[in-house]
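**Q** my questions concern the predicted model and sequence given below.
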Amino acid sequence: MPDFLQIEHIRKTFPGVIALDDVSFSVTGGEIHTLLGENGAGKSTLMNVLTGLYHPDRGEIRIDGQKVGFTSPRDSLSCGIGMVHQHFMLVPAHSVFENILLALDNVPNLFNRKEYRARIKQLIDQFGLDLDLDSPVWKLSIGAQQWIELIKLLMRDCRLLILDEPTAVLTPQEADRLFSVLQQLKQQGKSIIFISHKMREVMQISDRVTILKKGHSIATLERGSFDENRLASLMIGTDQIPEWQKNLQMSEEIVLEIQGLSVRNDRGLSDLDSFDLKLKKGEILGIAGVAGNGQKALAEVLTGLKSASQGRIMAKDKDITHSDAKKAYIAGIAHIPEDRKSIGIAPDMSVDENLIMKSFRNGAFSHWIFQDKKAIRRNAAEKIDQFAIKTGPDGSPVRYLSGGNIQKVIIARELSEKPAVLVALYPTRGLDIGSAEYVHKVIADGADRGMSTILIAEDLDELLKLSDRIAVMFRGQLVGYVDPRNTTREEIGLMMSGEKQGVAG
Amino acid sequence: MLEILLDATVRAGTPILFATLGAIINERAGIINLGIEGLMLIGAVAGFAATHASGSLLIGVIAAFVLAFLAGSIHALITVQLRGNQIVSGLALTMFGIGMTALFGKEMVGLTITGFERIAIPGLSLLPVIGKPFFNQDLLIYFSFVLVALIWLFFYRTRWGLAVRTLGENPAAADTCGVPVNLYRFLAVTIGSGIVGIGGAYLSLASTPMWIENMSGGRGWIAVALVIFAGWSSPRAMLGAYLFGGITAMQLRFQAMGTTISAHILQMLPYAFTILVLVISTMRLAKGASQQPESLGQPYDREDRK
Amino acid sequence: MKLITERREISSRLLRFSAPIVSIAIALFVAGFLLLASGVNPLEAYREIIIESLGSIYGLSETLVKTTPLIFAGLGVSLAFRMQIWNIGAEGQIYMGALGASGVALFSGIGNHWLMMGAMFGAAFLCGGLWAGVAGFLRARWKVNEVIVTLLMNYIAILWVDYLVYGPWKDPKGFNFPLTAQFSDTARLAEYFNTRLHSGFFLAIFCALVLYLFMERTVWGYEIKVIGSNPKAAQYAGMHTGAAIFFVLFLSGAIAGIAGFSEVAGLQHRLQHGISPGYGYTAIIIAWLAKRSAIGVVIVSFLMGILLVGGDSLQLLWQLPVAFVYAFQGLILFFLLASDFFIQYRVKLVKGGRHA
């Protein structure tokens, strides 16, 4: 049986980067083919080429042996290729029905509402999902939104489904459910490209694995001929990984305590709902939870971007929720934001200028109202050296830097004031392993110096490795704490879905 | 008295209504169009010229639509295909419209035509109070009623409409569903512009059947503000446009009654009132009463990396 | 076959600097057809524009006279641009500035020239600033769209001035024309070379220098640049974006307001109907063409000054409406926006279709 899809010698460049270089692989009918690679290896870029969003510079795509040239997602859809993107392609303000309807083929422009509602409802019931067709998508959990994306593809009868890191937003239990659905689809003869960098999942469901590294496809392995170590060594290769040691922190001193805190979002719903948290001096407190359960609000309220509607924030027994002291205290909290490009940096400004964003009024960088350009330059040279930031020519805008280097700029800036507390929101998201380990090292080193870190991450392995304690969040509330040294992924998973309580305090 | 005032309200509100409807179609597709003022003038001059030349009001309205459609296609090309700055392009379109209409309207100053005349709708026009103001009007006003309904049906009952709304919210989502993003956005801008042109034609063919340089006098800008008041919905646009028609009608009524308040002060009222309404409706927006299209003002580049 | 676009690696400097010039050239070319259509030989018209504006000392001085308000208004608009705030209301701010300065000149009774100048300048600064500050406040407090507010306030400002010059401030000896009485000599700026060129021009150049230093050397300029580049990042770094928005719009309007002062004190010597023939709108183009630089504003203002002087002479010679200049400015902007695209992207022809 010829391969359903063949990709040959694809090359794709972006300004300043070669994202894909001579990538080839193929997919047969009824297989689950995993694309494995570090962040930045080119997995998403490759899939965007396959779905017609990006146009490759070179190379061929063949479907059923015939060469195709995609110039838009329309072309690729009509070949039966559909994708669940990592950033969902949904309209939050539209209803579930409207979102799914737009994805359907051959809907007449004056369509019969009843008929289409019935058809969509039927598929939803088939998967035993609990989705209200009229509910606007923003009201749904991230996990439910992902199901809508999947239903969009199934309604179209796609032959090839691409899922880009689908488990990032799921609890381990939900992920298992997804995998069983994928197995069903495979039985029906559909092909699935599964993108992940989590070894465990890859081992669990792949028929074949293709490994991407720095834009090259370096190997395709059949089931049975790979194990975790083999995959990991292929994926990471001989990259230098910074080494660091995790020391257990024993202090019992509470530096920050949150009591019954509630925060409302723009739509008037509670992002945090009577949330409690205790942070000890010098510890790394991991926060586990499915994305969208209030982590972002927690970070925002702690860094002064949002204010609480109820509850208290205590710094060493002093209530700072509504006082001026809060501003001063919060000014001393370092923050690594979730979306580094959209809130972490001023993209059009230079590295030098970005490094002083929080301290530009300091006497060190200004005299009266004038900036001290020399001191600013000196500071930058120091930080670039200390954090091994790879920059372009002096003065070039920071947006031309790679994701890892932008993250280093942010970390260099945030840690330069020797903060007592660091709030890190998904600090390694999108980073290659070398950069991610560097971030871990910086956080661990900080803990040794007595800095307390609230580490919010989606990867349980990362949390288990780095944290002194883990707090689990669900629907804006604290479910409980677990000790990373004697817990299981399953236990945390059940707590993440609110089905199990943890230890209090 | 109330009947006369209501009648004047509808007549003063109609050009703004067309302009607001056109702007809503633009913005629903995610494109801000600040060229509304210029497009109204283009519609006014084209409508007047074509009617004067042909003697047919219908041809005048069609000409207004077509020329505003074409002028709008400049904005569409720049903002959709070339991903240019929508605010600057719209301002350029307004300047272009003001200049071009002054240039080509020069010879039409002082000419006259027979404008639209009232046609009473049997039965309905006899209703007390609302009968005359709403059902003893000219054809363009009746057309505006139909258009309000059609646009609502288009957005909420057709797949095209759903696609256009999705463009304004999240063009990438529409793109991955196979919607031709650029084509639909282009059409939304041009057709919307054409409808704005009809609003301009109402000024030169019905309100005052003649051409006066810069005769739109800021109505285009009021329309841009009303889009927010209307929460991007056509029935609410009607309410907003008549609200302004009402202010204008009242202001004119005051002047006609010979008050001692300066005409200049009275003329400020519609602008000041627009700002007030804009502030109030923006505050409502912040409370989540209605939602601005999420991607409004942002060009769509498929290969942009997030 | 299908056209696709691709972002260029790093746009070339040559391309970036030549783009405005090429845009103006193409706009001139296209405007030529418009002139032809209205029965004017474009080559003759362009020759006329150059001769009138640059061909003599008097012509040059007139060009500088027109350049003066454009620099002020252009600086004001471009300051707001730096923070991604759209001040479309420079026109109204000029009117309010002129109104404030005239009020002081007519009614304050100050005898000392310098004191008078200072008071008029201050009044214009404050009036222009507060006028824009309304939009700044609304934007900072409730996120009200500043484009629409500043623009609508233009109409109101013009009506205010009209109200005064047709009403309470009308010169009783003015034969019922819509203008105020002439200012006394204390309330006039010095004139030079026996032309209408006045100190306002030098004040404008000085203003450009101050603004340049303000943006490039001070902590406030830095703050404005951060907010302009990414308001969320600025907020997250602890900057008070709301206060900055109000402050920048105030300053932006205040600088535009100085144009009003310079016009009444240097040129008109009275307040009258139509004190600005759209300088505030031309300022938007100037700010956009000059991109981010205060020095660029001066250069582009001079180019626009040439166009305005030339436009006046076209009106005299061929009875072209003054508004024709708007059409031309609109064309320049269109081509400039289009050229931006070709600076950033290259266009490729590729094979398309499913089974090509």
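**A** Structure received.

**Q** name the residues of the helix ranked longest in chain B that are buried.
**A** Longest helix in chain B by number of residues (criterion: DSSP state H): helix B:2-28. By neighbour count on 16 or more other CB atoms under 10 Å in any protein chain shown, the buried set for helix B:2-28 is B:6-28. For glycine as for every other residue, the C-beta is placed from the backbone atoms N, C-alpha and C.

**Q** who are the packing partners of the following helix or strand past that helix?
**A** For helix B:2-28, the following helix or strand on the C-terminal side (DSSP states H and E) is helix B:36-54. Judged by 3 or more CB pairs under 8 Å, 6 or more residues apart in numbering or on different chains; DSSP states H and E, the packing partners of helix B:36-54 are helix B:2-28, helix B:57-76, helix B:86-105, helix B:181-202, helix B:219-229.

**Q** tell me what angle helix B:36-54 forms with helix B:181-202.
**A** Interaxial angle of helix B:36-54 relative to helix B:181-202 (axes from the mean of the first three to the mean of the last three CA atoms, to 10 degrees): 60 degrees.

**Q** mind listing what residue C:232 touches?
**A** Going by CB atoms under 8 Å, 6 or more residues apart in numbering or on different chains, residue C:232 touches A:342-343.

**Q** output the below-cut-off pLDDT ranges for chain A.
**A** Within chain A, the ranges that satisfy pLDDT under 70 run A:1-2, A:237-243, A:249-250, A:323-331, A:502-505.

**Q** which bits of it sit near chain B?
**A** Contact residues (CB under 8 Å from any CB of the partner chain) of chain A with chain B: A:14, A:51, A:53-55, A:72-74, A:77-78, A:83, A:85, A:87, A:89-94, A:98-99, A:101-103, A:105, A:107-111, A:152, A:266-268.

**Q** circling back: tell me which of the helices and strands packed on helix B:36-54 sits most buried.
**A** Comparing these on average neighbours per residue, with mean count of other CB atoms under 10 Å in any protein chain shown, the densest one is helix B:219-229 at a mean of 28.

**Q** who does that one touch, helix- and strand-wise?
**A** helix B:2-28, helix B:36-54, helix B:181-202, helix B:234-256, helix B:263-286, helix C:146-166.

**Q** could you give the angle of it to helix B:234-256?
**A** Using the same axes, to 10 degrees: helix B:219-229 against helix B:234-256 is 130 degrees.

**Q** pull the distance from helix B:219-229 to the chain's centre.
**A** Its chain's C-alpha centre lies 8 Å from the corresponding centre of helix B:219-229 when counted by CA atoms, centre = their mean, to the nearest Å.

**Q** cool, stretch C:150-168 as well?
**A** 19 Å.

**Q** residue 136 pairs with what?
**A** The chain I'm using is chain A. residue A:95 (DSSP bridges).

**Q** my question was about chain B
**A** In this entry, residue B:136 is beta-bridged to residue B:120, by DSSP bridges.

**Q** around it, how many other residues sit close by?
**A** Look at residue B:136: counted by other CB atoms under 10 Å in any protein chain shown, it has 17 neighbours.

**Q** all helices of the stretch 201-350 of chain A, in order?
**A** Counting by DSSP state H, counting those that start in this stretch, the stretch 201-350 of chain A has helices at residues A:228-236, A:295-302, A:324-331.

**Q** for chain C, which segments are assigned as strands?
**A** Here chain C has its strands, by DSSP state E, at C:2-7, C:345-350.

**Q** please see if the last one touches chain A.
**A** Yes - residues of strand C:345-350 are located near chain A by CB under 8 Å from any CB, namely residue C:350.

**Q** helices or strands up against that strand?
**A** Checking 3+ CB pairs under 8 Å, 6+ apart, strand C:345-350 ends up next to strand C:2-7.

**Q** returning to that earlier point: got a PyMOL select line for the buried ones in the residues of chain A next to chain B?
**A** Listed next is the PyMOL selection for buried residues among the residues of chain A next to chain B, using 16+ other CB under 10 Å:
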select buried, chain A and resi 14+51+53+54+55+72+73+74+77+78+83+85+89+90+91+92+93+94+98+99+101+102+103+107+152
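
**Q** which of the residues of chain A next to chain B fall within helices?
**A** Among the residues of chain A next to chain B, DSSP H puts A:73-74, A:77-78, A:98-99, A:101-103, A:152 in helices.

**Q** the residues you listed: which ones sit near chain C?
**A** Filtering those for proximity to chain C (criterion: CB under 8 Å from any CB) leaves residue A:78.

**Q** can I get stretch B:103-111 in PDB? Just the C-alpha atoms.
**A** Taking Å, rounded to 0.1, in the frame of the first residue of the first chain, the C-alpha atoms of stretch B:103-111 are listed here in PDB:
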ATOM      1  CA  LEU B 103     -12.400  69.300  -7.700                       C
ATOM      2  CA  PHE B 104     -15.000  67.500  -9.800                       C
ATOM      3  CA  GLY B 105     -18.000  69.000  -8.000                       C
ATOM      4  CA  LYS B 106     -16.800  72.500  -8.800                       C
ATOM      5  CA  GLU B 107     -18.900  72.700 -12.000                       C
ATOM      6  CA  MET B 108     -22.000  71.300 -10.300                       C
ATOM      7  CA  VAL B 109     -22.300  74.000  -7.700                       C
ATOM      8  CA  GLY B 110     -25.500  75.800  -8.200                       C
ATOM      9  CA  LEU B 111     -27.100  73.200 -10.500                       C
END
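
**Q** is chain C contacted by it?
**A** Yes - applying CB under 8 Å from any CB, one finds stretch B:103-111 touching chain C at B:103-104, B:106.

**Q** if we can go back for a sec, which one of the ones in helices among the residues of chain A next to chain B is nearest to chain C?
**A** residue A:78 (5.9 Å; CB to the nearest CB).

**Q** dump the residue contacts of the nearest residue to residue A:58 once chain neighbours are set aside.
**A** Excluding its sequence neighbours, the residue lying closest to residue A:58 (CB to CB, 6 or more residues apart in numbering or on different chains) is residue A:11, at 4.1 Å. Listed by CB under 8 Å, 6+ apart, the contact partners of residue A:11 are A:18, A:20-23, A:56-59.

**Q** among those, which ones are in strands?
**A** A:18, A:20-23, A:58-59.

**Q** could I get these as a markdown table with neighbour count?
**A** Listed next are those as a markdown table, based on neighbours: other CB atoms under 10 Å in any protein chain shown:
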| residue | neighbour count |
| --- | --- |
| A:18 | 15 |
| A:20 | 30 |
| A:21 | 18 |
| A:22 | 14 |
| A:23 | 25 |
| A:58 | 13 |
| A:59 | 17 |
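
**Q** any idea how far residue C:207 is from the residue of chain A positioned farthest from its centre?
**A** Ranked by distance from the centre of chain A (CA atoms, centre = their mean), the top residue is residue A:368, with 42.1 Å. Separation of residue A:368 from residue C:207 (CB to CB, to the nearest Å): 21 Å.

**Q** same deal with residue C:176?
**A** For residue C:176, the distance to residue C:207 equals 37 Å [CB to CB].

**Q** near chain B, anything from stretch C:119-131?
**A** No - against chain B, stretch C:119-131 shows no contacts by CB under 8 Å from any CB, the least distance being 12.3 Å.

**Q** and that stretch, what's buried?
**A** Residues C:119-121, C:123-131 are the ones in stretch C:119-131 that count as buried (16+ other CB under 10 Å).

**Q** now those residues as JSON lines including pLDDT and distance to chain A?
**A** Shown next, in JSON lines, are these (pLDDT from 0 to 100; distance: CB to the nearest CB, whole Å):
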{"residue": "C:119", "pLDDT": "97", "distance to chain A": "26"}
{"residue": "C:120", "pLDDT": "97", "distance to chain A": "27"}
{"residue": "C:121", "pLDDT": "97", "distance to chain A": "22"}
{"residue": "C:123", "pLDDT": "98", "distance to chain A": "26"}
{"residue": "C:124", "pLDDT": "98", "distance to chain A": "24"}
{"residue": "C:125", "pLDDT": "98", "distance to chain A": "19"}
{"residue": "C:126", "pLDDT": "98", "distance to chain A": "22"}
{"residue": "C:127", "pLDDT": "98", "distance to chain A": "26"}
{"residue": "C:128", "pLDDT": "98", "distance to chain A": "23"}
{"residue": "C:129", "pLDDT": "97", "distance to chain A": "19"}
{"residue": "C:130", "pLDDT": "98", "distance to chain A": "24"}
{"residue": "C:131", "pLDDT": "97", "distance to chain A": "26"}
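
**Q** fine, thanks again, bye for now.
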